[in-house]
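# Return atomic coordinates for the entry below.
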Amino acid sequence: MAYLKLRFEKWLDEQNFSEGAYDVFEEAIKCYRATAYRSALLMSYVGFLTIVRDKLMETKYIPNGYTEYDWKINILAPIQDGENWERNTYNKIKIADRPVINTSKELKTQIDYWKDRRNDCAHNKRNMITYSHVESFWAFLISNIDKITVLGSIEELIIDIETFFDISKTPANEPFFKLSEKILATVTKKDEMIVFIPQMVDKMCTHDHANNLIWDFRNYGLLNELFLNSDLFSKEFIKYLDENNMKRELVNFLKLYPVHSKFLNGNDTLIREIWYSFLFEFPDMPMLGYNSISLYCSMLRNGLIPKKQLEEASERIFPGLIDRAFGDEISEMDYNTLNEYGFFKIFDSIFSWENKYLSLRGETVNDFYWANRCSNIITKYLENAPITKDRVRFLTWLFPYNGYWPIELRPKVNRMFEKHPDKIELIKKLIIEHELNVPDLACLRDD
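Numbers count the residues shown, from 1 in each chain. Modelled structure (predicted):
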């Protein structure tokens, strides 16, 4: 009889367990399909311990606190005892004084629960065992087996990372989460992170350009997984790059995943360096310019830029931000953030012919090439800003009759005003009241 593959079977197909473990799980699946659920759960538990035993047997690095002789006699020998290997393997998970398995307290509690259910099966106790117990254990196994690692195996983990980033050994579409889970299950303490991160960064660097994280979505994808799941990793990683002249690499990552800017909190010097010096610095990766706006807005939303520096920051980034980053890329949320934090006060000043930002006017609105490049954001600003005499005068300057005007900006502004007939009427009213010239926009013509 042909069966549809169970989710657990599909998961097993993706793993790299020993032949012995696969044989036990195959038996468990047969028992499950035959509705022999006690046998299915018992065999699944044996398969779980087989994997743990294999991890202990195969580790290349002995945990701290053990000599090679001690490891062979007190750890490896008992788990190879044909009669008692199962009990001895479980005991290795539970060792407290000189632990060998890296598991959380919560995970050990879950393992204890399933050991009790295993005993219900083995000793035919009266507790009911159903298909739901088997499926729940399989779900436990899928979720947690990668989190159970041998202590002291950072060196082995570095080999895994090197293998992951070697395209000749690992496909480019290999998912990040399995490696990230293993990293976070193995490296759990601050002192371990301090040792691990430099080695990890070295394996993620291209040695064609020393000390540069390569422009590779696999690098940044793995980092994103780690940032999402570990505050400790995130803070220590940022600290390491900051202290080792790798700020550009950090900013490039944050441009792709600006949500992680929150981990900059407390590092005021680095925060200022980012918006002052690095936000629009991407000589080898111009596409990152489109992400600068998102990173800056994320920093604003996370309250990272002190209030007394906001005006300075806005003025500093205005030419670069407008020149490179807006276009069609700005989201409604980012626009509202910029507006909330006073960024568009610079536009207000420029469009009102004030002298405060006279130098910026020369770099921006006085340049029709700039107006064309930034036609989307100028149009959006004009759509949201109140109609005033000064803004009508500015429209007249931008779109004079019998003159030159930004060829890309003009139709966009015209279409925008056509959607707002109330604005058109107000513009016409101000033109009459203040005897202003009429901007050369089709929506304002009476003919």
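# contacts and neighbour counts: CA atoms only from here.
Noted.
# For Y335, give its distance to G342.
11 Å (Cα to Cα, to the nearest Å).
# and those two? which has more neighbours close in?
More crowded of Y335 and G342, by other Cα atoms under 10 Å: Y335, with 19 against 14.
# In terms of helices and strands, where is that one?
Per DSSP states H and E, Y335 falls inside helix 332-340.
# What is that helix packed up against?
Under the contact criterion of 3 or more Cα pairs under 8 Å, 6 or more residues apart in numbering; DSSP states H and E, helix 332-340 touches helix 289-301.
# I'd like the next helix or strand past the helix it packs on.
Going down the chain from helix 289-301, the next helix or strand is helix 307-320, by DSSP H and E.
# hey, where'd the strands end up in the stretch 101-250 of the chain?
Applying DSSP state E, counting those that start in this stretch to the stretch 101-250 of the chain gives strands spanning 101-102, 149-150, 205-206, 212-213.
# Distance from the chain centre to the first one, please.
Translated: strand 101-102. Counting by Cα atoms, centre = their mean, to the nearest Å, strand 101-102 is centred 27 Å from the centre of its parent chain.
# Please list the residues outside it that contact it.
Contact partners of strand 101-102, identified using Cα atoms under 8 Å, 6 or more residues apart in numbering, comprise K92, I93, K147, I148, T149, V150, L151, A185, T186.
# So which of the residues you listed wins on neighbours?
Ranked by the number of neighbours (other Cα under 10 Å), those place V150 first, at 26 neighbours.
# OK, contacts around that one?
Neighbour list for V150: K55, L56, T59, P63, V100, I101, N102, T186 [criterion: Cα under 8 Å, 6+ apart].
# Widest-spaced pair of these?
Greatest spatial distance in the contacts of V150: L56 and T186, 13.7 Å, computed using Cα to Cα.
# Nearest spatial neighbour of G20, chain-adjacent residues omitted?
Spatially, and ignoring its direct neighbours in sequence, G20 is nearest to T50 (7.5 Å; Cα to Cα, 6 or more residues apart in numbering).
# before we move on, back to that, redo the contacts of strand 101-102 as TSV? Include pLDDT and distance to E418.
As requested, the contacts of strand 101-102 are exported to TSV (pLDDT from 0 to 100; distance: Cα to Cα, whole Å):
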residue	pLDDT	distance to E418
K92	90	75
I93	89	71
K147	78	59
I148	83	63
T149	81	64
V150	82	68
L151	75	68
A185	80	59
T186	80	61
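# S349: which of the residues you listed is nearest?
The closest of the contacts of strand 101-102 to S349 turns out to be A185 (Cα to Cα; 53.9 Å).
# Could you check how far the closest residue in space to the closest one that isn't next to it in sequence is from F164?
Nearest residue to A185 in three dimensions, chain neighbours excluded: K147, at 4.8 Å (Cα to Cα, 6+ apart). Relative to F164, K147 is positioned 18 Å away (Cα to Cα).
# do K178 as well
11 Å.
# Tell me, how many residues neighbour T67?
Neighbour count of T67, defined by other Cα under 10 Å: 11.
# tell me the phi and psi of it?
Main-chain torsions, T67, degrees, to the nearest 10: phi -80, psi 170.
# okay, which residue is most central for this protein?
N224 (2.9 Å; Cα atoms, centre = their mean).
# Show the pLDDT at it.
For N224, the pLDDT comes out at 93.
# That one is in contact with Y257, isn't it?
Yes: if you go by Cα atoms under 8 Å, N224 and Y257 touch, sitting 7.2 Å apart.
# pLDDT below threshold where in the chain?
1-3, 152-153, 206-217, 281-290, 320-329, 362-363, 365-366, 446-447 (pLDDT under 70).
# and the residue nearest to A185, what is it in contact with?
N102, T103, E181, K182, L184, A185, T186.
# rerun that using 7 Å as the cut-off
K147 sits next to T103, E181, K182, A185 when contact means Cα atoms under 7 Å, 6 or more residues apart in numbering.
# What number of neighbouring residues does the third one come out with?
Neighbouring residues of K182 were enumerated by other Cα under 10 Å; the total is 18.
# isn't it right up against D146?
Yes: between K182 and D146 there is a contact under Cα atoms under 7 Å: 5.6 Å.
# Tell me which of the contacts of strand 101-102 fall in helices.
By the criterion of DSSP state H, membership of the contacts of strand 101-102 in helices covers K92, I93, A185, T186.
# of all those residues, which comes closest to N372?
A185 (51.8 Å).
# And the closest one, how far from F48?
On the measure of Cα to Cα, A185 and F48 end up 17 Å apart.
# how far away is T186 from S180?
10 Å.
# Distance-wise, check the residue nearest to G20 relative to K189.
For T50, the distance to K189 - Cα to Cα - is 27 Å.
# what about those two, which has more around it?
T50 (22 against 11).
# buried sites along the helix ranked longest in the chain?
Assignment by DSSP H gives helix 37-58 as the longest helix of the chain. For helix 37-58, a neighbour-count test (16 or more other Cα atoms under 10 Å) marks 37-57 as buried.
# Grab the CA positions of that helix and hand them over as PDB.
What follows is helix 37-58 as a C-alpha-only set of coordinates in PDB (Å, rounded to 0.1, in the frame of the first residue of the first chain):
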ATOM      1  CA  TYR A  37       1.500   4.100  19.200                       C
ATOM      2  CA  ARG A  38       3.300   2.800  22.400                       C
ATOM      3  CA  SER A  39       5.900   1.100  20.200                       C
ATOM      4  CA  ALA A  40       6.100   4.100  17.900                       C
ATOM      5  CA  LEU A  41       6.800   6.500  20.700                       C
ATOM      6  CA  LEU A  42       9.300   4.100  22.400                       C
ATOM      7  CA  MET A  43      11.300   3.700  19.100                       C
ATOM      8  CA  SER A  44      11.200   7.400  18.400                       C
ATOM      9  CA  TYR A  45      12.700   8.100  21.900                       C
ATOM     10  CA  VAL A  46      15.400   5.500  21.200                       C
ATOM     11  CA  GLY A  47      16.100   7.300  17.900                       C
ATOM     12  CA  PHE A  48      16.400  10.600  19.800                       C
ATOM     13  CA  LEU A  49      19.000   9.200  22.200                       C
ATOM     14  CA  THR A  50      20.800   7.600  19.300                       C
ATOM     15  CA  ILE A  51      21.300  11.000  17.800                       C
ATOM     16  CA  VAL A  52      22.600  12.400  21.100                       C
ATOM     17  CA  ARG A  53      24.900   9.500  21.500                       C
ATOM     18  CA  ASP A  54      26.200  10.000  17.900                       C
ATOM     19  CA  LYS A  55      26.900  13.700  18.700                       C
ATOM     20  CA  LEU A  56      29.000  12.700  21.700                       C
ATOM     21  CA  MET A  57      30.800  10.000  19.700                       C
ATOM     22  CA  GLU A  58      31.600  12.200  16.700                       C
END
